[in-house]
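Peer 1: What would the 3D arrangement of this be:
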Amino acid sequence: MQTLSNASRRNFLKVAAAAGGGLFLGFNWTDAEAAVDSAVTDLSLAGNVPGAVPGVGFNSYLSINPQGIITIMSPNPEVGQGIKTAFPIVVAEELDVDWKNVVVEQAPLDNKKFERQVAGGSGSIPHSWTRLRKAGATARMMLVDAAAKRWNVPATECTTASGFVMHTASNRKLSYGELATEAAQLPVPGDVKLKDQKDFKLIGQSIKNVDNPGIITGKPLFGLDFYREGMLFAMLQRPAFGYTLKSFNEAAIKAMPGIVDVLTFDNNVAVVGKSTWQVRKAKDALKIEWTKTDATESTSDHNRIFTELLNAPTATVRRKDGDVDAAFKSAAKVVTAEYQCPFLPHSPMEPMNFFAHVRPDGVELVGPTQTPDLARNETAKLLGISPDKVTVQLTRMGGGFGRRLKADYAVEAVQVSKRVNAPVKLIWTREDDMTGGSYRPSVRYRFQAALDAQGNMIGYKLRGVGINEGNATREDNFPSGAVDNLLIESVNHKSAITTGPWRAPTTNFLAFAEQSFIDEVAQAAGKDPVKFRLDLLDKAKAKPVGAIKYDIDRMKAVINMAVEKSGWGTKKGADGRPVAQGFSVYFSHRSYVAQVGEVAMVKDKPVLQKVYAVADCGIVINESGSRQQVTGCIVDGIGHAMFGNMTFKDGVPEQSNYNNYRMIRLNEIPDVEVHFVDNGIEPTGLGEPSLPPAGAAVANAIFKASGKRVRSQPFIQDEAFKRIL
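Peer 2: Residues are numbered from 1 along each chain as shown. I've put the predicted structure just below:
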């Protein structure tokens, strides 16, 4: 049993006995302590709690009404990762309630009550795990104390289950609803005991997403669904990269039906009107003259820049171990390979959109954002007002993948609302989303490995060149620490093309390149690719070189389970021939994932048939949601590795919609078999770690099936893949 003590009474908000009674608890997630004041029975009003003590920091709210309904506020943005379900599961587990009696509400942005209201970096659960558990456990203990006091028995003789406190010796029990008001009057417990993992009833089970009924029945959950009576609609025409606005047919657009105004800012032309259709028609009728600047670039320029910078005499050294030059001079064999990926749009199903109403007394924002605090702060900065005057209500997001970590589209809505002095719903079209967005940076890597006569890797070099990537490497990831002589460098090229986080930033392609190259090195060494990796890990364990910043045992565990579950090297097809399998393993966002891809040659073409995935993300909170996370990452990873490509001509994106930007199709999605390592450690994140290894598992399987190495993405444009087809 884990014990957390020294609860701070001043950080526990207790809200007691307003109309109808009940218990309302607010929890400070900084130290997971709690506090009280007066009661509410409707948590849809939790953003404005009557009688709440001012200045007390807290993030999560748990209410229990006299009828026994538990309402849990979920503060983090829901972007499809299932956090709106997972957070309440953790609280409900420690509270010891029946899940069917739990109501979940999305909390608004509130820095005074909540901490880290961000959906990014696979960090929500790792950050809040203990805080959430303590939130539920604190409330449970107060309810037990209330029952013990009423029965005049020691609290230690009482137990809880499914929303009831029970005293077995006297065969008595009371519901949480019956005890809620009394519990609110009691002192906050100083010591809070958390459940043993063996006693979990909800955590680790498969629980349906709390928004499923609303999604299936078309309830207005998403930003695009939001509507406010009297609001105007706006769309923007943005410049291509490296262009400035010169002129446009302003008078003609203003004269079109339903158009209220046309305005310009930051090289954008904004069309504002009474309906989305009227605004879209007017936007399509814009005739804009742009001025081209020297900052424009084409994909051909990027290819030239990559070659120049990979061969440049200097680069930023990220890590250096041993004597690399000597290792390569003495090598019996040197393996060299280059890998390149293109820019990629995020392509969420729901394009960018946001509602803004700039008023004299403040600003109201409503919409889908992964970083609501950034939207608020950028708005305040733009208008020169205090952030306290900006409210942000979160909607569910129809995908984000890192794109909604930025606040540009929210600020655009604010700019338009300010100029037209009215509430405005800004909407991006699919073409806007793909051509005016923030892309995954394009990168090229050059790897080199030095092998001795026994096939041992004695030297390793990596130089990564990225466009707006900063450091295109993860210098401390495997195989760093396992090679005596190692050099990792990076070079960055600044471009007018806007880039930003894309699901599993940097590692989304770096893992493909690293894991593909390690397979090539293993082949050159004449060794099984899985054993080659395990040998390197054993070397790092026995005789580490420099810092080891990954967990060797956790990585070995996912490798060994993937070997077992996939029948690595022993599996045969219906024809009795060995199945072509490819292996990949990667550590990112605190978690470890190993994958095995299976490819068959069908009519002389490689067809991906199955992917085995083994993930170590610590304790799995929701089995259903976790499997969906892993599967979604794999589909996303292999889809973009095989098909995704964004190219430019003089700063103008050449792909603008799904008719010329290839996405993976339903009939191309393989069977995905997911397994989890049960090691009992605290959760370490799952929204991104399964994507990085996916591409390499497939590429290595393609090599096994066809003998062709695929080194560039998208696969369908790699020359080796074209020769197979």
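Peer 1: and the closest residue to Arg590 other than its chain neighbours, what does it touch?
Peer 2: In this structure, Arg590 finds its nearest non-sequential neighbour in Thr684, 3.8 Å apart by C-beta to C-beta, 6 or more residues apart in numbering. Where you see a C-beta, it was placed from the backbone N, CA and C, and this is true even at glycine. Residues in contact with Thr684 (C-beta atoms under 8 Å, 6 or more residues apart in numbering) are Pro126, His589, Arg590, Ser591, Asp616, Cys617, Gly618.
Peer 1: can I get the CA coordinates of stretch 124-132 in PDB?
Peer 2: Output in PDB follows, covering the C-alpha atoms of stretch 124-132 (Å, rounded to 0.1, in the frame of the first residue of the first chain):
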ATOM      1  CA  SER A 124      -0.700  14.100 -19.700                       C
ATOM      2  CA  ILE A 125      -0.900  10.800 -17.900                       C
ATOM      3  CA  PRO A 126       2.700  10.700 -16.600                       C
ATOM      4  CA  HIS A 127       2.300  14.200 -15.200                       C
ATOM      5  CA  SER A 128      -1.100  13.600 -13.500                       C
ATOM      6  CA  TRP A 129      -1.000   9.900 -12.500                       C
ATOM      7  CA  THR A 130      -0.300  10.400  -8.800                       C
ATOM      8  CA  ARG A 131      -2.300  13.600  -8.500                       C
ATOM      9  CA  LEU A 132      -5.400  12.000 -10.000                       C
END
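Peer 1: average model confidence for that stretch?
Peer 2: When pLDDT is averaged over stretch 124-132, the result is 90.
Peer 1: Quick check on Gly230: phi, psi?
Peer 2: Per-residue torsions, Gly230: phi 90, psi 0 (degrees, to the nearest 10).
Peer 1: List phi and psi for the closest residue to it other than its chain neighbours.
Peer 2: Distances taken as C-beta to C-beta, 6+ apart place Pro423 nearest to Gly230, at 6.6 Å, with adjacent residues excluded. Main-chain torsions, Pro423, degrees, to the nearest 10: phi -70, psi 140.
Peer 1: For the contacts of Thr684, work out which two are farthest apart.
Peer 2: Using C-beta to C-beta, the contacts of Thr684 span at most 13.3 Å, a distance reached by Pro126 and Asp616.
Peer 1: More neighbours: which of the two?
Peer 2: Higher neighbour count among Pro126 and Asp616: Asp616, with 26 against 19, using other C-beta atoms under 10 Å.
Peer 1: can you pull the contacts of that one?
Peer 2: Counting by C-beta under 8 Å, 6+ apart, Asp616 touches Arg554, Ala557, Val558, Ser591, Tyr592, Val593, Phe676, Val677, Asn679, Thr684.
Peer 1: Would you format these as JSON lines with distance to Gln448 and secondary structure included?
Peer 2: Putting the contacts of Asp616 into JSON lines (distance: C-beta to C-beta, whole Å; DSSP: H, G, I helix; E, B strand; the rest coil) gives the following:
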{"residue": "Arg554", "distance to Gln448": "28", "secondary structure": "helix"}
{"residue": "Ala557", "distance to Gln448": "30", "secondary structure": "helix"}
{"residue": "Val558", "distance to Gln448": "27", "secondary structure": "helix"}
{"residue": "Ser591", "distance to Gln448": "29", "secondary structure": "strand"}
{"residue": "Tyr592", "distance to Gln448": "26", "secondary structure": "strand"}
{"residue": "Val593", "distance to Gln448": "26", "secondary structure": "strand"}
{"residue": "Phe676", "distance to Gln448": "36", "secondary structure": "strand"}
{"residue": "Val677", "distance to Gln448": "33", "secondary structure": "coil"}
{"residue": "Asn679", "distance to Gln448": "35", "secondary structure": "coil"}
{"residue": "Thr684", "distance to Gln448": "32", "secondary structure": "coil"}
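Peer 1: of those residues, closest to Glu338?
Peer 2: For the contacts of Asp616, the nearest to Glu338 is Val593 (25.1 Å; C-beta to C-beta).
Peer 1: Who does that closest one form a beta bridge with?
Peer 2: Legend: beta-bridge partners of Val593 under DSSP bridges are Tyr586, Ala615.
Peer 1: Check the contact between it and Ile559; I expect there is one.
Peer 2: No. Using C-beta atoms under 8 Å as the test, Val593 is too far from Ile559 to be in contact (10.3 Å).
Peer 1: what sits in contact with each of those two?
Peer 2: Residues within reach of Val593 and of Ile559 at once, by C-beta under 8 Å, 6+ apart, are Val585.
Peer 1: which stretches of the chain aren't confidently modelled?
Peer 2: 1-61 (pLDDT under 70).
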